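Participant: What would the 3D arrangement of this be:
(one chain, ligands or ions: 1)
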Amino acid sequence: MTVFKKAEQLVSPIAADVLEGLSAEPKRLPPKLFYDAKGSQLFEEITRTREYYPTRTERGILEEFAGDIIREAGNNLTLVELGAGSAYKTRVLIRAILARQLRLEFHPVDVSPAALQQAVTSLNGDFPRLHVSPIAADYSRHLPDFRSRPGRKLVLFIGSTIGNFEPDEAEQFLKRVRASLQTGDALLLGFDMVKDARVLHSAYNDAARVTAQFNKNVLARINRELGADFDLDEFNHVAFWNARKSRIEMHLESRVDQNVYITDLGTNFQFSFGERIHTENSYKFTSSSISRLLRQSALRLENSWSDPQKWFSVVLARV
Ligand code: AVJ
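Facilitator: Residues are numbered from 1 along each chain as shown. The predicted structure follows:
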């Protein structure tokens, strides 16, 4: 396994992000902090709620159109996936590729060596003609250079993860991905689309309150990893559709005036009644905002596939 990693760290790797975010005005915490073991499990649980449509909608599109998508992508593919993603969605694409070529090299790129190891073990067992070469890296900071590797690259960035980036960050990120590829290589991107505000609202305010638990888990994680004393009952889960910015916002709102001490930072943080910590933006797209983003990133939009309600789009872009 190729591992890109800084030297041994004495403090928790989340310390700097927490200090910076909670010292900012307004307070914020980056959404990548959601995904410790517990948070990843809660996200999986969210995808199974009745209200959260994106995962099952994208899965349906991939199941229906995998053959078309792979034919469009080209011959002699080498597959790269940024972020663990749901192994199931990747499997659908791997199966479609192996129906057209004898062997496939697959590079999952993820920060978590544990997630990568799991992917290697299960995929190798199920696809004898697949060779998995995992790359442990934080792809938002460091992208491996794929230009020297053989075959036409198909880079997967599915699950609408791109929706977590600010519009200018999404553009910078796609430009960097493009720079790690060669002319003729392809990207497969998943975009959650703008739709009825009630549908969007419910997806982030499920009745079983799994999303609320997922949001609050970031505080539980800070308690566990940095020795903080957040009382999860003293914060409300707040999620709403911001139409002007075309995004769902998630926040944690303090129910009282309170102080929280974080031992590993040696610092007290003050929260007033009603004060919010901004924990996530999940941007929603239109066909024109997708076209604009790809154009600005110097990528060619080659084809796209949707569900009948047009709630989600899977887009093939060409370098
Ligand atoms: C994994 C970023 C696509 O934005 O819908 C789910 C994360 N947050 N419920 C999304 C999430 C709240 C999810 N993404």
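Participant: Please give me every residue in contact with the residue in the stretch 51-200 of the chain that the ligand sits nearest to.
Facilitator: Here the stretch 51-200 of the chain gets closest to the ligand at one residue, Ser160, 4.2 Å apart by Cβ to the nearest ligand atom. (Glycine included, C-beta is placed from N, CA and C.) Residues in contact with Ser160, defined by Cβ atoms under 8 Å, 6 or more residues apart in numbering, are 54, 58, 190-192, 282, 312.
Participant: any idea how far it is from Asp231?
Facilitator: Counting by Cβ to Cβ, to the nearest Å, the gap between Ser160 and Asp231 amounts to 32 Å.
Participant: Repeat that for Arg50.
Facilitator: Arg50 sits 30 Å away from Asp231, going by Cβ to Cβ.
Participant: and if you look at Gly60?
Facilitator: In terms of Cβ to Cβ, Gly60 sits 40 Å off from Asp231.
Participant: quick one: which of these two has more around it?
Facilitator: Gly60 (15 against 12; other Cβ atoms under 10 Å).
Participant: Can you point out the helix or strand that includes that one?
Facilitator: Counting by DSSP states H and E, the element that carries Gly60 is helix 54-73.
Participant: centre of the chain versus the helix or strand that that helix is followed by, how much separation?
Facilitator: Using DSSP H and E, the helix or strand that directly follows helix 54-73 along the chain is strand 77-82. Distance of strand 77-82 from its chain centroid, counting by Cα atoms, centre = their mean, to the nearest Å, is 16 Å.
Participant: and for strand 77-82, what are the contacting residues?
Facilitator: Strand 77-82 is contacted by residues 70, 90, 93-94, 97, 101, 104-109, 139, 146, 149-158, 161, 177 when judged by Cβ under 8 Å, 6+ apart.
Participant: cutoff 7 Å now
Facilitator: For strand 77-82, the surrounding residues in contact (Cβ atoms under 7 Å, 6 or more residues apart in numbering) are 90, 94, 97, 101, 104-109, 139, 146, 149-157.
Participant: So which of the residues you listed belong to strands?
Facilitator: Those of those mapping onto strands are 104-109, 152-157, per DSSP state E.
Participant: now, among those, which is nearest to Lys38?
Facilitator: Pro108 (21.8 Å; Cβ to Cβ).
Participant: so what's the closest one bridging to?
Facilitator: On the basis of DSSP bridges, Pro108 takes part in beta bridges with Glu81.
Participant: Quick check, pLDDT for it.
Facilitator: The score at Pro108 is 92. That number is its pLDDT.
Participant: The ligand contacts on the stretch 101-250 of the chain?
Facilitator: Neighbours of the ligand within the stretch 101-250 of the chain, by Cβ under 6 Å from any ligand atom: 159-161, 163-164, 204, 211.
Participant: Same list, these, but as CSV with distance to Arg129, secondary structure and pLDDT please.
Facilitator: Listed next are those as CSV, based on distance: Cβ to Cβ, whole Å; DSSP: H, G, I helix; E, B strand; the rest coil; pLDDT from 0 to 100:
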residue, distance to Arg129, secondary structure, pLDDT
Gly159, 25, coil, 93
Ser160, 30, coil, 95
Thr161, 28, helix, 94
Gly163, 34, helix, 97
Asn164, 34, helix, 96
Tyr204, 40, coil, 98
Thr211, 39, helix, 98
